[in-house]
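K.L.:
Got a predicted model here, sequence first, then my questions.
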Amino acid sequence: MKTKFLFFVLLGFSLSTFAQEEIPVQKYTAHNKGKFFVMWGGNRDTYSDSDVNFRGKDYNFTVNNMTAHDKPKGWHVDYINPANMTIPQTNLRLGYFFSDHYSVTIGVDHMKYVMTQNQIANVTGNINLPADDPASIYNGEYNNRPVDMSQGGAKEGGYDNGTTPVNGPAFLMYEHTDGLNYINTEVSRFDDISKLFSLPNIDKVQINLTEGLGAGVLYPKTNTTLLGKERHDDFHVSGYGVSAKAGLNITFFKHFYIQGELKGGYINMQDIRTTTSNEDKASQDFFFFQKIIAVGGIFRI
């Protein structure tokens, strides 16, 4: 009897000890180091006014405080249609977590920049095209002269109201719509803030705060109609950009997420191709602000 009693005491003690030493199951989302991720989304953009210099063999002038806007597609199937994915304003990013809190990424912010048509902007510089060029109606010295960007320049005798030409090609139409491509790398920090929302299981729903810094090159395809010249219309490395962002990431079932970001930055392009002639170039710099919504996946290989 004593032997049986001792056996059951020892068995209970062993089971109790094993239960105390049992290692808890680690949540997949508790650690990020070694994970890869990819995201795809869309953006809306705003731009600061910009002084844009246009120069070539027979002209050198600056459009002061040019205004511009983006060209949104809205909610459209083109965002997921492989044949038309570059038509809307999109964001593609690939990344890797080299620690639990920090990641490095490479991506493309496909923005669109369109000069506001029918704006009146002041122009400074000179135009001296050959007399047989239809755009020679714009010849002259410009000293902070107001010009209708889509119609023409302020020139006595050739215009019906001082700013609009009676005949002749458009003075200027200017856009980076294929697009204003910011190819950049970012280093970002992620912090799990799920406890603030009392989420019971972060492997089902996890909320993260993210911030990051980025830098890269501008690779636009610029569409310019300048003084009636044939446009260049091809991709060209034109300058550089730097940026900073903050966002909120919501991850579902360990591997899928939706992420919203606010990103601001500075772009400087000193080598923009405008026409088929290598002598014709433009330069500008400006600030931008992006609002981004994206979906993505995160996984270990």
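P.N.:
In hand now; what should we look at?
K.L.:
which sections of this structure are below the confidence cut-off?
P.N.:
1-26, 74-86, 150-168 (pLDDT under 70).
K.L.:
the longest strand in it is where?
P.N.:
strand 172-192 (DSSP state E).
K.L.:
Give me the distance from it to the chain's centre.
P.N.:
3 Å (CA atoms, centre = their mean, to the nearest Å).
K.L.:
Packing partners of that strand?
P.N.:
strand 90-97, strand 102-115, strand 205-218, strand 222-226, strand 239-252, strand 256-273 (3 or more CB pairs under 8 Å, 6 or more residues apart in numbering; DSSP states H and E). No exception for glycine: its C-beta is placed from N, CA and C like everyone else's.
K.L.:
Can you list the strands that it pairs with?
P.N.:
Strand 172-192 pairs in its sheet with strand 102-115 (antiparallel), strand 205-218 (antiparallel), strand 222-226 (antiparallel), by DSSP bridges.
K.L.:
Asn65: which of the helices and strands packed on strand 172-192 is closest?
P.N.:
strand 102-115 (11.7 Å; CB to CB).
K.L.:
Would you mind identifying the next helix or strand past that closest one?
P.N.:
strand 120-127 (DSSP states H and E).
K.L.:
For that following strand, list every residue counted as buried.
P.N.:
121-125, 127 (16 or more other CB atoms under 10 Å).
K.L.:
Dump those residues to a markdown table, plus distance to Thr225.
P.N.:
Formatted as a markdown table, those follow (distance: CB to CB, whole Å):
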| residue | distance to Thr225 |
| --- | --- |
| Ala121 | 16 |
| Asn122 | 20 |
| Val123 | 16 |
| Thr124 | 21 |
| Gly125 | 18 |
| Ile127 | 15 |
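K.L.:
Using JSON lines, lay out the strands paired with strand 172-192 together with distance to Leu172 and mean neighbour count.
P.N.:
Shown next, in JSON lines, are the strands paired with strand 172-192 (distance: least, CB to CB, whole Å; neighbours: other CB atoms under 10 Å):
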{"stretch": "strand 102-115", "distance to Leu172": "7", "mean neighbour count": "20"}
{"stretch": "strand 205-218", "distance to Leu172": "20", "mean neighbour count": "18"}
{"stretch": "strand 222-226", "distance to Leu172": "6", "mean neighbour count": "21"}
